[in-house]
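Novice: sequence? don't have it. structure:
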């Protein structure tokens, strides 16, 4: 009987794999391919063109949300993934409102989002915007702010902890809302907010070789244009990931200098929420908007209006606002106040004509106790003043606006 050498034995093991080892290898290879393909998935993309799927196909529309017929694919699906929880799927739709708003070229939309919780339970959030399609500028947004119990606040904290690693990338929404004038428009709005895009844009508009005095020149990187929320992501009737997701559309934003976005404007939003939680029980209506166009001096010291994008015809889109404003309205109590922030951290001083109403900040005891009141005249954080609502509405002059021409709002007393 022949004997096997050690060399022969090792070759037998090496070149004669068993069926079991082959099967396990195939399974392992499949798991590796699947994991690598899905590791970076954060959300589903809607179809790229209207030919991919007919708008009449019910699969494109989440249940319970009415489509805007003139805007194909006006619905979005978000998927938030977390290492500790199941994926959170949220559906959002844009619905056109028939009521006129703002200027003659403006259109009102409702942004509605929902999440199916199972057992016939749906979590919903919505707000409205007035958007001027002629220059891709949102004039204002409207949302409500209700009282939250400690239990709701705890639930909100848990939800935020579970989804804090979810990607909240800004989205354009329906294609017809933004930048239809350029075939490469998909990336224009995203690129315009990047530092390299802002530097290139300012150099061109101001005819300067360097704009370090305006963009990126501060060691703490607080001088650049951020996507300023209009309806704040922390404002909602029932704070949750659905509401926060719904606010991350460009139609709910305007260019705001970062030192102001994280300065007095952030403190104002926080103060309003604290006021609602501790001082009154009525629902507050929050109307946040913009006014005017921010300017900077060019090479010849002539003031030039700044827009985030300039199209091939030389027309500006997405203007940088001169002012941000916020109306806090207690409709049931008949009280309201308008807060106005100057969106310019480069001012040497604030000229009297820039304050277009009598400042009434001192007449609100609750506001005098806040951080933003103490810092309201610090220009780098965003100079802030307060108006009676009727004076702001007169300045805006949206005479055909069904919502802002409300006489009950116009005649409201000061929010004290």
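Specialist: Looks like it arrived, so ask away. Every value quoted in this text rests on a predicted model; they were computed, and no experiment measured them.

Novice: Give me the below-cutoff pLDDT ranges for the stretch 151-300 of the chain.
Specialist: Applying pLDDT under 70 to the stretch 151-300 of the chain flags residues 151-167, 175-176, 178-187, 217-221, 237-239.

Novice: Tell me where it has strands.
Specialist: Under the criterion DSSP state E, counting those that start in this stretch, strands of the stretch 151-300 of the chain are mapped to 225-229, 253-257, 284-293, 295-297.

Novice: Single out the most deeply packed of those strands.
Specialist: Stretch with highest mean neighbour count among the strands of the stretch 151-300 of the chain: strand 253-257 (a mean of 24; mean count of other C-beta atoms under 10 Å). For glycine as for every other residue, the C-beta is placed from the backbone atoms N, C-alpha and C.

Novice: now what about it, what contacts it?
Specialist: Under the contact criterion C-beta atoms under 8 Å, 6 or more residues apart in numbering, strand 253-257 has outside partners 137-138, 170, 193, 223-230, 265, 290, 294, 308, 318-321, 324, 343-345, 382.

Novice: Can you tell me the strand partners of that strand and which way each runs?
Specialist: Paired with strand 253-257 in the same sheet, following DSSP bridges, are strand 225-229 (antiparallel).

Novice: Look up how far residue 318 lies from the closest residue to residue 319 other than its chain neighbours.
Specialist: Spatial nearest neighbour of residue 319, chain neighbours left out: residue 293 (4.6 Å); criterion: C-beta to C-beta, 6 or more residues apart in numbering. As judged by C-beta to C-beta, to the nearest Å, residue 293 and residue 318 stand 11 Å apart.

Novice: Spit out the residues that contact the two alike.
Specialist: Common contact partners of residue 293 and residue 318 (C-beta under 8 Å, 6+ apart): residue 307.

Novice: which of the contacts of strand 253-257 count as buried?
Specialist: Neighbour counting by 16 or more other C-beta atoms under 10 Å classes 137-138, 193, 223-230, 265, 290, 294, 308, 318-321, 324, 343-345, 382 among these as buried.

Novice: Show me the shaky parts of the stretch 1-150 of the chain.
Specialist: The stretch 1-150 of the chain contains residues with pLDDT under 70 at 1-17, 19-20, 30-73, 147-150.

Novice: Please enumerate the helices of the stretch 51-200 of the chain.
Specialist: Secondary structure of the stretch 51-200 of the chain (DSSP state H, counting those that start in this stretch): helices located at 150-163, 185-193, 195-206.

Novice: quick check, residue 22 in a helix?
Specialist: Yes - Residue 22: assigned to a helix according to DSSP: H, G, I helix; E, B strand; the rest coil.

Novice: That one: how many residues sit nearby?
Specialist: 9 (other C-beta atoms under 10 Å).

Novice: re earlier: may I see the strands of the stretch 151-300 of the chain organised as JSON lines, with distance to residue 390 added?
Specialist: Shown next, in JSON lines, are the strands of the stretch 151-300 of the chain (distance: least, C-beta to C-beta, whole Å):
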{"stretch": "strand 225-229", "distance to residue 390": "25"}
{"stretch": "strand 253-257", "distance to residue 390": "24"}
{"stretch": "strand 284-293", "distance to residue 390": "14"}
{"stretch": "strand 295-297", "distance to residue 390": "28"}
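
Novice: closest one to residue 352 among these?
Specialist: Among the strands of the stretch 151-300 of the chain, the nearest to residue 352 by C-beta to C-beta is strand 284-293 (16.4 Å).

Novice: Check the gap between residue 124 and residue 240 for me.
Specialist: From residue 124 across to residue 240, the span is 10 Å (C-beta to C-beta).

Novice: Neighbour count for these two, which is higher?
Specialist: Between residue 124 and residue 240, counted using other C-beta under 10 Å, residue 240 has the larger neighbour count: 22 against 16.

Novice: my guess is the more buried one meets residue 125, correct?
Specialist: Yes - proximity of residue 240 to residue 125 meets the contact threshold set by C-beta atoms under 8 Å, at 7.2 Å.

Novice: where's residue 408, which helix or strand?
Specialist: Per DSSP states H and E: residue 408 is located in helix 407-410.

Novice: Distance from that helix to the middle of the chain?
Specialist: Centroid separation for helix 407-410 versus its chain: 28 Å, with C-alpha atoms, centre = their mean, to the nearest Å.

Novice: so who does residue 117 touch?
Specialist: Residue 117 sits in contact with residue 123, where contact means C-beta under 8 Å, 6+ apart.

Novice: ditto for residue 138
Specialist: 129-132, 230, 251-254, 289-290.

Novice: hmm, back to that, what are the bridge partners for the residue nearest to residue 319, then?
Specialist: Going by DSSP bridges, residue 293 forms beta bridges with residue 321.

Novice: Can we start the residue count at 255 from this point?
Specialist: All set: I'll call the first residue 255, so the last point we hit is now residue 547.

Novice: From residue 328, how far off is it?
Specialist: As judged by C-beta to C-beta, residue 547 and residue 328 stand 29 Å apart.

Novice: go on, residue 544?
Specialist: 24 Å.

Novice: same check, this time on residue 606
Specialist: 45 Å.

Novice: Looking at those two, which is more packed in?
Specialist: Per other C-beta under 10 Å, whichever of residue 606 and residue 328 has more neighbours is residue 328, with 26 against 7.

Novice: correct me, but the more buried one touches residue 363?
Specialist: No - Residue 328 lies out of contact with residue 363 (C-beta under 8 Å); the separation is 9.0 Å.

Novice: what's the neighbour count on residue 556?
Specialist: Residue 556, neighbours per other C-beta under 10 Å, totals 11.

Novice: ok, now which ones touch it?
Specialist: Counted by C-beta under 8 Å, 6+ apart, residue 556 has zero contacts.

Novice: Wait, residue 386 touches residue 356, no?
Specialist: Yes - counting by C-beta under 8 Å, residue 386 sits close enough to residue 356 to count as a contact (6.1 Å).
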